[in-house]
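**Q** starting from these lines, generate the structure:
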Amino acid sequence: MGMISAVRTIVFYFLLAVTTLLWLPPSLLIGPFLPYRWRYRMIAVAWSRVALWLARWILGIRYRVRGLENIPAQPCVILAKHQSAWETFYLSSYFQPLSQVLKRELLNIPVFGWALRMIKPIAINREQPKQALRQVAQEGAARLAKGNWLLIFPEGTRVPPGRIGKFSRGGASLAAHAGLPVLPVAHNAGQFWPKLDWRKASGTVDVVIGPPMTAEGTDSASIAELNQRAFLWVAQAQHEIGSLSDENWQALREQYGI
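**A** Numbering: from 1, shown residues only. The predicted model follows:
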């Protein structure tokens with residue numbers, strides 16, 4: 001990435017910061033008095049769409065989506081590949097309302113964290129994983145019961161293009177016990193919004209939404225099977241869009257006998 005990418009990235013972050021400063025006061029003043037769904041649109045959808053618009057016209061990052069017909073009518077658990085911040089903007093703007101599992105420290109950011117609290121994320125303490133799993137199970141079930149989509153990045157952290165991390169079973173377990181499917185999502189956003197470089201590259205993000213998948217039961221074997229099925233679907237989709245290396249995909253095929 002060269003000087004042009006650096007300049008575009010600086011302009012993007014400057015405009016996003018200005019937009020955020022303009023967006024926060026009305027969100028904090030008006031948001032608490034709005035019904036939850038309207039509040040979500042005002043705080044999460046509006047800001048995310050501005051970020052996507054700026055990414056398109058300043059950074060040159062466009063996107064195309066396949067599999068929209070797979071999205072079920074009833075909200076469920078989204079198991080998405082995690083490579084960057086871009087997919088958070090996209091998924092938060094498209095699935096409404098959406099609750100996301102995120103690290104608790106984000107809620108402590110002055111002003112921004114206050115707005116974030118109003119859209120009901122599930123804020124966990126990553127230093128206490130067992131407690132975090134219980135919290136996700138309890139609060140996630142409550143969000144789903146109220147008609148929220150639930151976004152989980154089962155890898156737990158951003159994994160650069162070319163590789164895929166192991167999926168935790170928390171999302172599959174939650175969906176199974178709620179009697180709802182998981183919706184797998186693959187993409188290659190990290191190719192243009194890299195984890196290890198602050199500069200962004202222009203290009204088109206491919207987003208692929210898979211078929212909803214359900215567990216055969218709520219026992220551990222059924223949950224593990226669902227989680228593996230979702231993992232392998234995402235892995236194959238990542239390989240097809242060029243975001244999982246041939247070597248890593250072949251190793252997975254040998255490991256799982258596919």
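
**Q** how about the CA coordinates for stretch 39-49, as CSV?
**A** These are the backbone C-alpha positions of stretch 39-49, laid out as CSV (Å, rounded to 0.1, in the frame of the first residue of the first chain):
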residue,chain,number,x,y,z
ARG,A,39,-33.2,3.9,18.8
TYR,A,40,-31.2,1.2,17.2
ARG,A,41,-31.8,2.6,13.8
MET,A,42,-30.7,6.1,14.9
ILE,A,43,-27.6,5.0,16.8
ALA,A,44,-26.3,1.8,15.0
VAL,A,45,-27.8,1.8,11.6
ALA,A,46,-27.3,5.5,10.7
TRP,A,47,-23.7,5.5,12.0
SER,A,48,-22.8,2.2,10.3
ARG,A,49,-24.2,3.3,7.0
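
**Q** what pLDDT does the residue nearest to Ala176 when sequence neighbours are not counted get?
**A** Closest residue to Ala176 in three dimensions, ignoring its sequence neighbours and counting by CB to CB, 6 or more residues apart in numbering: Ala215, at 3.8 Å. (Glycine included, C-beta is placed from N, CA and C.) pLDDT for Ala215: 96.

**Q** so Trp23 makes contact with Ser48?
**A** No - the pair Trp23 / Ser48 is not scored as a contact, 10.7 Å apart, by CB atoms under 8 Å.

**Q** so where's the protein uncertain?
**A** Judged by pLDDT under 70, the chain has its weakly predicted residues at 1.

**Q** in it, which spans are helices?
**A** Remark: helices assigned in the chain by DSSP state H are 3-30, 36-40, 46-54, 86-94, 112-117, 129-145, 170-178, 220-240, 246-256.

**Q** to Tyr63, which of those lies closest?
**A** Nearest to Tyr63 among the helices of the chain is helix 86-94; the distance by CB to CB comes to 6.8 Å.

**Q** which helices and strands sit right next to that closest one?
**A** Here helix 86-94 touches helix 46-54, strand 77-80, strand 98-103, strand 149-152, strand 182-187, strand 203-209, going by 3 or more CB pairs under 8 Å, 6 or more residues apart in numbering; DSSP states H and E.

**Q** quick one, what contacts Glu225?
**A** For Glu225, the set of contacting residues under the criterion of CB atoms under 8 Å, 6 or more residues apart in numbering consists of Ala215, Glu216.

**Q** state the distance from it to Phe192.
**A** From Glu225 over to Phe192 the distance is 34 Å, taken as CB to CB, to the nearest Å.

**Q** and if you look at Ala55?
**A** On the measure of CB to CB, Ala55 and Phe192 end up 9 Å apart.

**Q** pretty sure His177 is touching Gly140, no?
**A** No - when contacts are counted by CB under 8 Å, His177 is not listed as touching Gly140 (9.6 Å).

**Q** neighbour count: the two, which is higher?
**A** When His177 and Gly140 are compared on other CB atoms under 10 Å, the one with more neighbours turns out to be Gly140, at 24 against 15.

**Q** returning to that earlier point: looking at the helices and strands packed on helix 86-94, spot the one closest to Leu68.
**A** Using CB to CB as the measure, strand 203-209 is the one of the helices and strands packed on helix 86-94 that comes nearest Leu68, at 6.3 Å.

**Q** chain center to that closest one: distance?
**A** If you compare the mean C-alpha spot of strand 203-209 with that of the full chain, they lie 13 Å apart, counting by CA atoms, centre = their mean, to the nearest Å.
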